[in-house]
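Peer 1: build the 3D model from these lines:
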Amino acid sequence: MIAERPDPPAHTGIFQLMNGFHVAGAVSCLALLGIPDLIDAVPKSADELAMQIGADPQALYRLMRATACVGVLSEGPDGKFSQTPMSAILRSNATPSLRAFAIMTGREWHGRGWSHLDYCVRTGKQALEKIYGAHIFEYIKQNPAEGQIFNDAMTQISMIDSPAVADAYNFDRIHSIVDIAGGHGLLLATILKRNPQMRGTLYEMPHVLEGAKNGPLKPVMDRCTLASGDMFSSVPASADAYIMKHIIHDWPDDRCIQILRACRKGVNSGGKLLVVDNVIHPGNDFSPGKFLDLQMLIFPSGCERTEKQFRALFAASGWQLTCIIPTVAADSIVEGLPA
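Peer 2: Got it, this is the predicted structure:
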């Protein structure tokens with residue numbers, strides 16, 4: 001008879017949870033140094049890699065040994081490190097790649113933001129205005145290098161989310177669509193490529209559109225328009241559908257209502273609203289969305305929402321929530337029709 005193992009003590013569980021911060025920092029550093037790119041063809045030792053990147057060999061070995069113990073790299077008996085599925089996705093040329101996303105989580109502004117979570121919880125305000133005197137979107141506009149990392153990270157996440165959205169929703173009867181604040185246009189490009197009957201508009205800030213001109217939309221630019229403006233006051237009019245991915249969760253309710261009302265004013269008769277975000281479900285089951293919700297509290301001052309909250313938000317802006325369609329990614333498509 002095999003005796004049952006007792007549950008680990010509570011302090012063991014807390015140590016495991018808090019170690020997540022260390023793991024994230026190590027993986028971010030590994031991505032920043034470009035190690036997954038350098039071992040793609042053949043395993044290499046820390047000494048070999050240190051010479052390539054100009055690093056201390058022993059310190060680099062310690063970093064790689066740590067990431068290997070969580071499956072990001074694999075150390076062989078000869079002391080050389082080889083690729084794993086998780087390190088491979090940190091290559092700059094991976095499809096999809098999460099290199100920029102991993103780098104972003106290790107940036108100073110990101111770490112400082114999380115260090116002020118207590119301030120956010122006490123006040124309900126976002127952190128970077130306290131730290132840098134600027135909202136996150138203003139901060140990355142003022143700091144182009146950080147903005148490039150941020151935009152690259154959002155595009156990389158979209159490489160996972162966009163096909164999931166295009167697979168989950170039937171766009172057949174939509175002939176014109178506006179992607180609100182769609183970054184460099186990967187979601188819109190994915191939808192247009194699969195729906196030849198459709199024309200699209202990417203609606204963004206001017207400095208973001210500059211990066212979109214030669215981006216994912218280039219193959220479908222004959223069916224696409226680039227437009228800029230203030231989404232809180234107006235959007236391009238006369239569209240069959242308005243879609244926004246990871247936009248509504250950036251803002252508090254009053255600002256979201258402004259965006260959704262602008263879409264309601266511009267939509268064609270019988271048109272649709274498509275909001276792509278996490279939908280928080282009740283209960284204590286683990287959900288990445290519940291921690292993404294804290295990310296939204298800390299940085300842009302938004303939140304992830306429950307179905308009930310989405311229904312109220314839609315109703316307040318002239319829409320009726322008709323269905324919620326899950327995708328194979330973490331997001332769902334929240335559909336609305338004019339009320």
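
Peer 1: how about the helix or strand hosting L260, which residues are buried there?
Peer 2: Using DSSP states H and E, L260 sits within helix 253-266. The neighbour-count check on helix 253-266 (16 or more other Cβ atoms under 10 Å) flags 253, 255-257, 259-264, 266 as buried. The way it works is simple: take the backbone N, C-alpha and C, and place the C-beta from them, glycine included.

Peer 1: and what of stretch 82-101?
Peer 2: Buried, per 16+ other Cβ under 10 Å, within stretch 82-101: 83-84, 86-87, 89-91, 94, 96-101.

Peer 1: which other residues reach it?
Peer 2: If you take Cβ atoms under 8 Å, 6 or more residues apart in numbering as the criterion, stretch 82-101 is touched by 27, 30-31, 34-37, 39-40, 43, 67, 71-74, 76, 102, 149, 152-153, 155-157, 159-160.

Peer 1: check stretch 214-232 too.
Peer 2: The contact list for stretch 214-232 (Cβ under 8 Å, 6+ apart) reads 155, 180-181, 184-186, 188-190, 192-193, 198-206, 209, 212-213, 235-236, 255, 258-259, 262.

Peer 1: same check on stretch 42-61?
Peer 2: For stretch 42-61, the surrounding residues in contact (Cβ under 8 Å, 6+ apart) are 33-35, 38-39, 64, 76, 78-82.

Peer 1: quick one, which of the residues you listed are buried?
Peer 2: Burial by neighbour count, judged by 16+ other Cβ under 10 Å, picks out 33-35, 38-39, 64, 80-81 from the contacts of stretch 42-61.

Peer 1: and the closest residue to Q142 other than its chain neighbours, what pLDDT?
Peer 2: Nearest residue to Q142, sequence neighbours excluded (Cβ to Cβ, 6 or more residues apart in numbering): A134, at 6.4 Å. pLDDT for A134: 97.

Peer 1: now A134: phi and psi?
Peer 2: A134 adopts backbone torsions of phi -150, psi 140, taken as degrees, to the nearest 10.

Peer 1: neighbours of it, how many?
Peer 2: Neighbour count of A134, defined by other Cβ atoms under 10 Å: 15.

Peer 1: just checking, it touches N143?
Peer 2: No: taking contacts as Cβ atoms under 8 Å, A134 lies outside contact range of N143: 9.2 Å.

Peer 1: low pLDDT regions in this structure?
Peer 2: Counting by pLDDT under 70, the chain has low-confidence residues at 1-3.

Peer 1: cutoff 80 now
Peer 2: For the chain, the stretches with pLDDT under 80 are 1-6, 211.

Peer 1: please enumerate the strands of it.
Peer 2: Ranges of strands in the chain, per DSSP state E, are 44-45, 74-75, 80-82, 176-180, 199-204, 224-228, 239-245, 267-277, 279-280, 305-306, 319-326, 332-338.

Peer 1: related to what we said a few turns ago, just the buried residues from the contacts of stretch 82-101, in ChimeraX please.
Peer 2: Burial among the contacts of stretch 82-101 is assessed by 16+ other Cβ under 10 Å; the matching ChimeraX selection reads:
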select :27,30,31,34,35,36,37,39,43,67,72,73,74,102,149,152,153,155,156,157,159,160
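
Peer 1: so can I have TSV of the strands of the chain showing distance to Q295?
Peer 2: Shown next, in TSV, are these (distance: least, Cβ to Cβ, whole Å):
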stretch	distance to Q295
strand 44-45	34
strand 74-75	30
strand 80-82	31
strand 176-180	20
strand 199-204	22
strand 224-228	26
strand 239-245	16
strand 267-277	13
strand 279-280	13
strand 305-306	14
strand 319-326	21
strand 332-338	18
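
Peer 1: indicate which one of those is closest to R5.
Peer 2: Of all the strands of the chain, the one in closest proximity to R5, counting by Cβ to Cβ, is strand 74-75 (27.7 Å).
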